[in-house]
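# Pasted the sequence and its predicted model underneath.
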Amino acid sequence: MFKIRNSFHRKGIFDLDHKLDALTAFKETLPTAFGYIGLGLTFGIVGRDTGFSPLIVLLMSIIIYAGSAQFVTVSMLAVGSPILSIVFATFLVNARMILLSTTLAPYFKKERLAKNVLIGTLLTDESFVLGMNKLNFTGHQLNFAWFNTANVLAYLTWMISSWIGALLGNFIPDPQKFGLDFAIVAMFIGLLYLQIASDRSYHLCCKF
């Protein structure tokens, strides 16, 4: 029983391990990146359907880079909402990032301020959940190389996929018909399951 559970923990349900280098981060973030592709394509399609050009969609993903807040921004711009209202709504949607960044901060106390700012700027719900899950396999340790790689991979994937989605938007006139507006909810549910399942396996292993 001990050997089975110990092996199960060492390999991990989602192939996470104790290493914190950039290559390991790339491998462990890749499954999540496929989720970003789906979301990015969806945002691009929705943005194009709303009337924004592929260039504007790309610039939004580069500058705003806020996932769900970008969907809100596009919707509010489409109905002519005041700029201040859009800024306020975006702030409310992203306010949770303050809490997430505060939670991560203790793990990067030894890093320079610039590195901490970079991690906080590119932080997403998905990379946060992945990082919290990673703690179960590293003795509650994180470092810049691993987390920055996870963030940058997500950032690049989001930018490229949203731009491609905008290009494809010309051929998909009604995104809601295909349920694309539910993609972001589906991805977060999957990530929540990843965290819960990993925590359960970790605690089971600790008992033996």
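Thanks, I have the structure now. Numbers count the residues shown, from 1 in each chain.
# quick one: least confident helix or strand in the protein?
helix 2-11 (a mean of 39; mean pLDDT, DSSP states H and E).
# distance between the strand or helix carrying Gln70 and the chain's centre?
Secondary-structure assignment from DSSP states H and E places Gln70 in helix 68-78. How far helix 68-78 lies from its chain's middle: 18 Å, per C-alpha atoms, centre = their mean, to the nearest Å.
# And that helix, what does it pack against?
helix 22-50, helix 54-63, helix 83-94 (3 or more C-beta pairs under 8 Å, 6 or more residues apart in numbering; DSSP states H and E). Yep, even glycine has a C-beta here, placed from its N, CA and C like the rest.
# go with 7 Å
Judged by 3 or more C-beta pairs under 7 Å, 6 or more residues apart in numbering; DSSP states H and E, helix 68-78 is in contact with helix 22-50, helix 83-94.
# How far off centre is stretch 156-169?
On C-alpha atoms, centre = their mean, the centre of stretch 156-169 falls 15 Å from the chain's centre.
# Could you list the buried residues of it?
157-166, 169 (16 or more other C-beta atoms under 10 Å).
# Also stretch 86-103?
Applying 16+ other C-beta under 10 Å to stretch 86-103 flags 86, 89-90, 93, 97, 100-101 as buried.
# what would the residues you listed look like in CSV with distance to Leu135 and pLDDT?
As requested, these are exported to CSV (distance: C-beta to C-beta, whole Å; pLDDT from 0 to 100):
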residue, distance to Leu135, pLDDT
Ile86, 36, 89
Ala89, 32, 86
Thr90, 30, 86
Val93, 26, 82
Met97, 19, 88
Leu100, 14, 91
Ser101, 16, 92
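# about what we covered before: highest mean neighbour count out of the helices and strands packed on helix 68-78?
Mean neighbour count (mean count of other C-beta atoms under 10 Å) peaks for helix 22-50 among the helices and strands packed on helix 68-78, with a mean of 21.
# could you give me the average pLDDT of that one?
If you average the pLDDT over helix 22-50, you get 88.
# do you know how far the most centrally placed residue in the chain is from Leu100?
Centroid-nearest residue in the chain: Glu126, 3.2 Å away (criterion: C-alpha atoms, centre = their mean). Relative to Leu100, Glu126 is positioned 11 Å away (C-beta to C-beta, to the nearest Å).
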